[in-house]
Every structure is written in structure tokens, then in C-alpha cells.
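[1] Have a look; sequence and predicted model below, questions after that.
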Amino acid sequence: MMSSSAYSGIGMTSEGTRERLVRRLREKGIRDERVLEAIRRTPRHLFVDEALSSRAYEDTALPIGRGQTISQPYVVAMMTQAVMRDEPLGKVLEIGTGSGYQAAILARLAERVFTTERIGELQRAARQRFHRLGLHNVYTRHADGLEGWPGQAPFDAIVVTAGGRIPDRLLDQLGEGAVLVAPEDAGTFQQLVRVTRTAQGFERDELGAVSFVPLLEGLD
Ligand code: SAH
């Protein structure tokens, strides 16, 4: 788990290392300064096992146990950028808390973040990280995210971080003008899609091929 030395800033956690990651994301096309600033301010090394912390600022997915992964920073940045708008975000829902990294980024950009994880062990570890980092606007639940979080709907944005079919129940929990981003199964690959709820219905656009762990039903 996280020791106090992980907080006190050994070499790999230095600002220079994080700045390099931000530069790399900029080169890859991430333009939203608010998103880049959130990444700059979020210590990704605290979201992985200490044995992997020297790789935390590489732009790659890393294992977090139970066969799951913390998403690649570029993909986190792309999904976050896809839900940003001119006005501040109010409530955001995330499906698939995993390490909690994506939720921590969203927590700096939205008023409140609700995040669900089906694996109890991962949900508890993430909740501890939010607490230690002082991210008091993140609410977590050990729950099947396919249900969404009906008691808190409507949301300004929904971010799904596991790949599968997008359930209608989630789309129903979008407010008007709100967006959902999700990796959708497209045969042999996953397509990152953005669905916007308008007064007339739903509009959909595709943001590129991605690779996520599968969206599964039920609790573990
Ligand atoms: N957002 C995470 C990425 C984790 S990987 C991060 O930043 O680290 C995706 C996570 O989705 C896994 O932890 C997996 O257990 C979880 N998951 C898969 N299906 C789910 C479901 N139906 N409800 C909630 N979580 C789910």
C-alpha cells in the first residue's frame, strides 16, 4: 500500500517527470488546458502499486490487480476532454473506478464525481486514495455500474471505463445537453464513442479505436 515515502516525493514523482507526461499528451493532441492542468496536479504514482511507481508517468496502462488496469494517461485525457464544455461540470458519473485515477482527474474538473466499481477490493482501495488525497467530492459505491446511479441522476457527463454495450439505462441518466463517453464493442475492436443527449434525442460521434478491460455484469 502507500507508504509515507510515496508521498514525500522521490525522484520519479518530481514535477519534471509529470511535466514530461503533460508535454507528451500535448504532442499527441490533447489541447484542453484544464485537463492538462488536472493531470499535472494528480500524482498517478499513488494509484499504482509501489513496485510500479517508477513507471507511473509513462503513457501506458498498468496492472492494478484482479486482472484490471489503470488506463493509459492519453486515453484518460482524451475521455476527459470529450466531456468538457464551457460551463463547469456539475455531477459526473464514472463506471469502473479501478484505481481511482480517472475519477481523481474528474474531481478537479467537476463539482461532484460519483463512481462505481464491481470489484469490492478495488473500490475500497480507491476510496482510501480519495480520502488521503483530500478529494472529498468523490463518492464511490461497490455496485454494478450497468445500473448507473439512479438516485443521483441526471448527470452532466457519464464516463464508462470498461468496454461493452452501452446500456439504455445509462443513457436515460444523462441530462439534456449532457454527454456519455464509452468504449463500445465493435466486433474485433472497441470504438470510443461519445453520445450527446439533445432535446430531440441522442447524437453519436466516434473518437477512435481503444482497448479497455470488459464491462461485466454483477458484483465481485
Ligand atoms: N477508471 C479506471 C480504469 C479501471 S479498468 C482507472 O482510472 O483506474 C475498468 C474497471 O471497470 C475495472 O476495475 C473493472 O472491475 C470495472 N468494471 C467492469 N465492469 C463494471 C461494471 N459493470 N460496474 C462497475 N465497474 C465495472
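    Happy to help now that I have it.
[2] What residues does this protein have near the ligand?
    Applying C-beta under 6 Å from any ligand atom, we find that the chain lies next to the ligand at 68-71, 95-96, 98-99, 101-102, 116-119, 122, 144-146, 161-162, 213, 215-216. The way it works is simple: take the backbone N, C-alpha and C, and place the C-beta from them, glycine included.
[3] could you say what helices and strands the top strand by length along the chain packs with?
    In the chain, with assignment by DSSP state E, the single longest strand is strand 174-186. In terms of contacts (3 or more C-beta pairs under 8 Å, 6 or more residues apart in numbering; DSSP states H and E), strand 174-186 is packed against helix 73-83, strand 155-160, strand 189-197.
[4] could you pull out the strands for this structure?
    Taking DSSP E to define them, one finds strands in the chain at 62-65, 68-70, 89-95, 110-117, 138-142, 155-160, 174-186, 189-197, 202-210.
[5] report the angle between the axes of the fourth one and strand 89-95?
    The reference is to strand 110-117. 10 degrees (axes from the mean of the first three to the mean of the last three C-alpha atoms, to 10 degrees).
[6] Other residues contacting strand 110-117?
    The contact list for strand 110-117 (C-beta atoms under 8 Å, 6 or more residues apart in numbering) reads 88-98, 100, 103, 106-107, 123, 126, 137-145, 149, 152, 155-157.
[7] Restricted to buried residues, select these in ChimeraX.
    Only the buried entries of those go into this ChimeraX selection, using 16 or more other C-beta atoms under 10 Å:
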select :89,91,92,93,94,95,96,97,98,100,103,106,107,123,126,137,138,139,140,141,142,143,144,145,149,155,156,157
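[8] Quick check: the gap between residue 61 and residue 44.
    As for residue 61, its distance to residue 44 is 12 Å (criterion: C-beta to C-beta, to the nearest Å).
[9] which of the two has more neighbours?
    For residue 61 versus residue 44, neighbours defined as other C-beta atoms under 10 Å are more numerous around residue 44 (24 against 18).
[10] Nearest spatial neighbour of that one, chain-adjacent residues omitted?
    Take residue 44 and drop its neighbours on the chain: the residue closest to it by C-beta to C-beta, 6 or more residues apart in numbering is residue 56, 4.5 Å away.
[11] got it, and residue 208?
    In space, and not counting its chain neighbours, residue 208 is closest to residue 192: 5.6 Å by C-beta to C-beta, 6+ apart.
[12] distance of the one you found from residue 169?
    20 Å.
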